[in-house]
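> After the sequence you'll find the predicted model.
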Number of protein chains: 4
Amino acid sequence: MIKVGIVGGTGYTGVELLRLLALHPKVDLRVITSRSDAGMPVSQMFPSLRGYVELAFTHPDQAQLSDCDLVFFATPNGIAMQEAPALLKAGVRVIDLAADFRIQDVALWEKWYGMKHACPQLIEQAVYGLPEVNRAEIRQARLVANPGCYPTAVQLGFIPLLEAGLVDRNNLIADAKSGVSGAGRRAEIGALLAEAGDNFKAYNVAGHRHLPEIKQGLARAAGHDVGLTFVPHLTPMIRGIHATLYAHIEREAELQALYELRYKDEPFVDVMPAGSHPETRSVRGANVCRIALHRPQQGNVLVILSVIDNLVKGAAGQAVQNMNIMFGLPETTALTNVPLLP
Amino acid sequence: MIKVGIVGGTGYTGVELLRLLALHPKVDLRVITSRSDAGMPVSQMFPSLRGYVELAFTHPDQAQLSDCDLVFFATPNGIAMQEAPALLKAGVRVIDLAADFRIQDVALWEKWYGMKHACPQLIEQAVYGLPEVNRAEIRQARLVANPGCYPTAVQLGFIPLLEAGLVDRNNLIADAKSGVSGAGRRAEIGALLAEAGDNFKAYNVAGHRHLPEIKQGLARAAGHDVGLTFVPHLTPMIRGIHATLYAHIEREAELQALYELRYKDEPFVDVMPAGSHPETRSVRGANVCRIALHRPQQGNVLVILSVIDNLVKGAAGQAVQNMNIMFGLPETTALTNVPLLP
Amino acid sequence: MIKVGIVGGTGYTGVELLRLLALHPKVDLRVITSRSDAGMPVSQMFPSLRGYVELAFTHPDQAQLSDCDLVFFATPNGIAMQEAPALLKAGVRVIDLAADFRIQDVALWEKWYGMKHACPQLIEQAVYGLPEVNRAEIRQARLVANPGCYPTAVQLGFIPLLEAGLVDRNNLIADAKSGVSGAGRRAEIGALLAEAGDNFKAYNVAGHRHLPEIKQGLARAAGHDVGLTFVPHLTPMIRGIHATLYAHIEREAELQALYELRYKDEPFVDVMPAGSHPETRSVRGANVCRIALHRPQQGNVLVILSVIDNLVKGAAGQAVQNMNIMFGLPETTALTNVPLLP
Amino acid sequence: MIKVGIVGGTGYTGVELLRLLALHPKVDLRVITSRSDAGMPVSQMFPSLRGYVELAFTHPDQAQLSDCDLVFFATPNGIAMQEAPALLKAGVRVIDLAADFRIQDVALWEKWYGMKHACPQLIEQAVYGLPEVNRAEIRQARLVANPGCYPTAVQLGFIPLLEAGLVDRNNLIADAKSGVSGAGRRAEIGALLAEAGDNFKAYNVAGHRHLPEIKQGLARAAGHDVGLTFVPHLTPMIRGIHATLYAHIEREAELQALYELRYKDEPFVDVMPAGSHPETRSVRGANVCRIALHRPQQGNVLVILSVIDNLVKGAAGQAVQNMNIMFGLPETTALTNVPLLP
């Protein structure tokens, strides 16, 4: 059994980790921390977990995380970088669901996240946890930077094209739409049902923190810097990301076959028949990215539709996938639940 | 392995059965019928099932249902009563998710459902599939009438009181609120997002078909006819029923303890601490009924809050629970998934 | 022109007042205060008001409210009672949309609102602003206590029965459902779209602050104390209250005619044909209460359905109605907009 | 008074026309037709109109439309072209809210709409009713083709750029998101709350009927054919369109000033401060298009955000605006209501 700890269990990625880990046959969930709610049974805050999780939240100072084999950080940005060094030194493996170790260029990270990095020396050894790209490295990793939600949907959609060098890499557009759980379980007026319900808007068009992460991943695939316009939107639903991606084809190829081949051994990427319209609800609660290709009017613009559940393949599910890889388990362990539709 | 067939697989109870059965370790799903969509792969209509269900819909005339051990009817009312007799004769067991066999009084059934019953002789041998009441009979049953969604939530909420004879059984009120999936996957203007969204209304206040079913169940518990006012409402959400039940206390007792005792061995009824406010999302996707008791201002009106997912404990989940009981499997098999929250 | 000030313009009742007053032909909107957002143009916070409201928020200390003819308090409970005395002394009339002056029994108010009342001597002269009951008094009032949202829907639904003495006044039930804007524009986790969306729950079943207000109003109509069980629920929509009311008939009468007669001269109460199911969206954005009567199975329980827009007839619209009465204007001035459907 | 008739009053554009016309001081609403619901009072189908519209639906065969000064067609595509010729001959002016007269190229229209045009000779004299482009022609028009919802949002967003020749007109992208009322009040499974709620998807990516209409309008502005990729999406809300537009800047200019100048005399186009994020709810129920410009990372891609209420500026409101222009009334008559927020 893998002894697991979770730092920061009161947010949406925290409760989603608990939902998945509660049924994981190889996980022994030892401790879940919360500074504000220490002492409260987890299932009191999240009654959906009654009967599944018996733990109470532990104050971070009391949590014996170094006894764990693996610690997940489901915390705001800037926490994991404070605490990971000691855990790693104690031999504990770490998966950070926040952004602390995602960007290799420290200066760039510090600019976008507005803080000084606490352990820049660890960034290089952190493995970016996108299994479809880095499976081998993840297997050996001590420290995994779990990808962001938008970056997962956008990278999986663009990567086959960029790896094959078929499109204009300087002129990519990602028009992405997210449900409100992406904003986290935080009391903010803009995320109220009375504000975000029956409403649609773009936000952070001038620049969203996921932009450098996406560009880093796309550049890796392309072997070159890329030019990307990324516009995130808030859509009035709870879970789900729908990325609508636009690329200009420079060299013809069998695109559908290319995608199918690229992902044929991937358990969690579903290349749908050409011309499909993947819906976010078709992945609700499941660790899968569905992708479909369109070429409107046979022009030279390729439209790629990519959907994920932001809390699963875009966060907690991918983290469990990474854990499975790191510990030599079948990659799909505890990740086989069917999406909830309707 | 239990060889299973589903008649009418294109509605919400059908796809929900598929979601649950796809992961059931003892089920061999053999056939799913649809008159209108015969030939179409199931996963084309419901992409959430891609990778889980490989079957295509079969025309009812081609379906070899008599080779099955068990057939679920996930059809509109009035279908199962046509086809069940032949299947039963062939030794196939039947669970009807519609209403054909729920009411023991044939005349009453015919009045509320507006049709002549096709096999009244079978009604008496049909077992009403509410395990918390009829577990022993279900174990022996050849034909199970799976309860309606409202009846499940309301009966589980009232039964302990009526069995104990503590309240005025002539003066019960059930104010129930349902998500729109309860109306089925049917093209009706009233169920459009543009009509039912951001809107709340009562419907069928003059009389809803679930009324006689509920009264029959409550009368059985009380050992007497009951007086019930039942007002259903449509609430702008997809899944979930919230029943708010009112009863006048006639005899004092430890009510919380009474409920806890009544349901202590029930795997799918959760009596929450007194004063709780169960939310429908706390049971989303799961086969559980959560109940909480309130006694406002210490008056003589008891308020019972009872929530279920109408498609799970109110339909497909309860059907699988009944199947597990009928075939001697552990009752919770394939029903242990954690509710999806948020 | 009536010189109008608004204290506390950043909440939902504030912006709703602005929406209605912006087109009021007799109102000169002079000042809107906000402690936290002083200096910000109102239309920057609420772009829906671009082109309609040119004012910026003023810090309360800078606001010359005593130059106004009328000041609305769209503030949390406990503010108006601090500031109303000085304004009234200066000859300014006051409408409080919060609860400070709604309860005549000071001790009862202090118990439910958990604070000491700052000016108990004013309570007696405050007029409860339900025009359908108190029109004559409102006309003369200097200080109007604008009713709460639940109290408006519940009182208008029950009053004809109680005035006529037809039902058991000790055994009333009000099962009420509200959209989330009723919770105000406050950053609270429970009101997030990711929490309150696709979800239904009861809350404050043990006791909600509107209970004593409702009971006071019903007692006035009945000429006696009443027994009321009031259970509020949160439903996943933005605007609207649906009250489902239950009463036991003790004396037969032509109930539909009774309601039609009681409200025949009321511009903002619509008694629908018997057996109707009023929807909350049918009053969205409009100052109207729609009521329908049902008598299921011709039993002795009467079901009254009553719907309002909580922000209009339940708050800002009723406040403008009261203003129109107080200043001798046609009561419907600026309140004739058609509900927004769909 | 303008004598007005409406053909097809039971859809969303029909009821929206009624909402606006009910308060229009110069309109005498004479007749509303419906084939399926003839005889039913309009306010029975739409209780929101109780007290505002006293008419009942008239069967088309009984409707004396030729006595009207103006007839609106709020019908499916293909109806107006059958009936407009006779009305025009009788001296009645016509505004078609459907697509029959929007496309000047008959063959193109017939290809996209899949039917033979019934009166191609009228197409040339039809005026495309986008006042911001064609105000002078509308003033003289006998027959107005009211623009589609997507075309209104997309054209108003792109036109200033194309008229000024500043961007690559061969490489335009319009990623548009619509609420479900855009699909009309039709019983379709895909538009059910249980299907479209809590869900996001693209649709008709291969080609949507609004594409040729948009391209025609953009070509007119550019003085040249344009290359456009148009991807429509369905978002889980009732009203609203959000168009996110992408263009490659070829020539530098003061873009914000350009837009402000282009629309400075337009009562219904609101150019927001640069960097704003217009929300669909900020135009809910109102006849306005709000536009904001962004230039992410100061690159050469311009992002234009354009929002409308699809039923108002995208349909019925624009139709009333056109009527006002045609009949020499102030253009804003009956169109000054404040958007409903929240």
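Arrived safely. Since the model is a prediction, treat every value here as computed from it, not as a measurement.
> Only C-alpha atoms from now on, for both contacts and neighbour counts.
OK.
> What residues does the stretch 151-300 of chain A have near chain C?
Residues of the stretch 151-300 of chain A lying near chain C by Cα under 8 Å from any Cα of the partner chain: A:180-181, A:185-189, A:191-194, A:196-197, A:236-238.
> Helices - which of those residues land there?
A:193-194, A:196 (DSSP state H).
> ok, the residues of the stretch 151-300 of chain A next to chain C vs chain D, which is closest?
Here the nearest of these to chain D, counting by Cα to the nearest Cα, is residue A:237; it sits at 4.5 Å.
> residue contacts, that closest one?
Residue A:237 makes contact with A:178-180, A:197, C:193-194, C:197, D:197-199, D:236 under the criterion Cα atoms under 8 Å, 6 or more residues apart in numbering or on different chains.
> Closest one of the residues of the stretch 151-300 of chain A next to chain C to residue C:209?
residue A:194 (21.6 Å; Cα to Cα).
> How many neighbouring residues does that closest one have?
29 (other Cα atoms under 10 Å in any protein chain shown).
> Not counting residues beside it along the chain, what's closest to residue A:301?
residue A:248 (4.7 Å; Cα to Cα, 6 or more residues apart in numbering or on different chains).
> so which strand or helix has the one you found?
Per DSSP states H and E, residue A:248 falls inside strand A:241-248.
> Quick check: buried residues in the following helix or strand past that strand?
Of the helices and strands lying after strand A:241-248 in sequence (DSSP H and E), the nearest is helix A:255-262. Judged by neighbour count (16 or more other Cα atoms under 10 Å in any protein chain shown), helix A:255-262 contains these buried residues: A:255-256, A:259-260, A:262.
> wait, what's in contact with the residue of the stretch 1-150 of chain A found nearest chain D?
Ranked by Cα to the nearest Cα, the top residue of the stretch 1-150 of chain A for proximity to chain D is residue A:112, at 12.7 Å. For residue A:112, the contacting residues are residue A:209, by Cα under 8 Å, 6+ apart.
> can you tell me how far it sits from residue A:181?
22 Å (Cα to Cα, to the nearest Å).
> Tell me where the stretch 51-200 of chain A has strands.
Along the stretch 51-200 of chain A, counting by DSSP state E, counting those that start in this stretch, strands occupy A:70-73, A:93-96, A:127-128, A:143-145, A:172-178.
> Same list (the ones you listed) but as TSV, adding mean neighbour count, mean pLDDT and distance to chain D.
Below are the strands of the stretch 51-200 of chain A laid out as TSV (neighbours: other Cα atoms under 10 Å in any protein chain shown; pLDDT from 0 to 100; distance: least, Cα to the nearest Cα, whole Å):
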stretch	mean neighbour count	mean pLDDT	distance to chain D
strand A:70-73	28	98	28
strand A:93-96	27	98	28
strand A:127-128	24	98	25
strand A:143-145	27	98	26
strand A:172-178	24	98	7
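> looking at those strands, which is closest to chain B?
Comparing the strands of the stretch 51-200 of chain A by Cα to the nearest Cα, strand A:172-178 comes nearest, at 14.4 Å.
> Name the residues that touch that closest one?
A:150, A:154, A:226-235, A:237, A:239-248, A:310, D:175.
> Just send the strands of the stretch 51-200 of chain A back as a markdown table, with distance to residue B:296 too.
A markdown table is the format used below for those (distance: least, Cα to Cα, whole Å):
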| stretch | distance to residue B:296 |
| --- | --- |
| strand A:70-73 | 42 |
| strand A:93-96 | 46 |
| strand A:127-128 | 54 |
| strand A:143-145 | 50 |
| strand A:172-178 | 41 |
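> Flag every residue of the stretch 101-250 of chain A that's near chain B.
Residues of the stretch 101-250 of chain A lying near chain B (Cα under 8 Å from any Cα): A:181, A:198, A:238-239.
> what about the longest helix in chain A?
Every helix in chain A considered (DSSP H), the longest is helix A:149-164.
> That one: which residues count as buried?
Counting neighbours by 16+ other Cα under 10 Å, helix A:149-164 gives A:149-163 as buried.
> now stretch A:199-208, how far from the centre of its chain.
19 Å (Cα atoms, centre = their mean, to the nearest Å).
> Need the distance between the two termini of that stretch.
Span of stretch A:199-208 from end to end, Cα to Cα: 20 Å.
> now stretch A:92-112
29 Å.
> Tell me, how many residues neighbour residue A:3?
17.
> isn't residue A:282 right next to residue B:48, touching?
Yes. Here residue A:282 reaches residue B:48: they are 4.4 Å apart, a contact under Cα atoms under 8 Å.
> quick one: common contacting residues for the two?
A:339-341.
> sorry, back to before: how far is the strand holding residue A:248 from where the chain is centred?
17 Å.
> Residues contacting it, please?
A:149-150, A:153-154, A:157-158, A:167-169, A:171-179, A:279-280, A:300-310, D:200-201.
> That one: partners in the sheet, and parallel or antiparallel?
strand A:172-178 (antiparallel), strand A:301-308 (antiparallel) (DSSP bridges).
> Give me the angle between it and helix A:149-164.
Calculated by axes from the mean of the first three to the mean of the last three Cα atoms, to 10 degrees, strand A:241-248 forms an angle of 30 degrees with helix A:149-164.
> List the buried residues of strand A:241-248.
Buried, per 16+ other Cα under 10 Å, within strand A:241-248: A:241-248.
> Return the member of those residues nearest to residue B:134.
residue A:241 (44.1 Å).
> in the sheet, who's paired with the closest one?
Residues in beta-bridge contact with residue A:241 (DSSP bridges): residue A:178, residue A:308.
> Now do it against residue A:175, distance only.
The separation that residue A:241 has from residue A:175, given Cα to Cα, amounts to 11 Å.
> One more: residue A:158?
13 Å.
> Residue A:316 too?
Distance from residue A:316 to residue A:175, by Cα to Cα: 23 Å.
> before we move on, what about residue A:268?
Taken as Cα to Cα, the span from residue A:268 to residue A:175 is 22 Å.
> likewise residue A:226?
Counting by Cα to Cα, the gap from residue A:226 to residue A:175 is 16 Å.
> domains of chain A?
A:2-125, A:149-310 (automatic domain parsing).
> Quote the end-to-end distance of the last one.
Just to be clear, that refers to domain A:149-310. 5 Å.
> Tell me the gap between that domain and the middle of its chain.
Distance, centroid of domain A:149-310 to centroid of chain: 12 Å (Cα atoms, centre = their mean).
> same check, this time on stretch A:307-327
With Cα atoms, centre = their mean, you get 7 Å for stretch A:307-327.
> Tell me the pLDDT of the residue of the stretch 1-150 of chain A closest to chain D.
Listed pLDDT for residue A:112 reads 97.
> Residue A:125: what's it in contact with?
A:141, A:143.
> cutoff 10 Å now
Residues in contact with residue A:125 (Cα atoms under 10 Å, 6 or more residues apart in numbering or on different chains) are A:101, A:104, A:141-144.
> now do residue A:188
With Cα under 10 Å, 6+ apart, residue A:188 has these contacts: C:185-189, C:191-192.
> Look up the closest residue to residue A:193, ignoring the ones flanking it.
residue C:193 (3.9 Å).
> Quick check, the one you found in contact with residue A:182.
No. The pair residue C:193 / residue A:182 is not scored as a contact, 11.2 Å apart, by Cα atoms under 10 Å.
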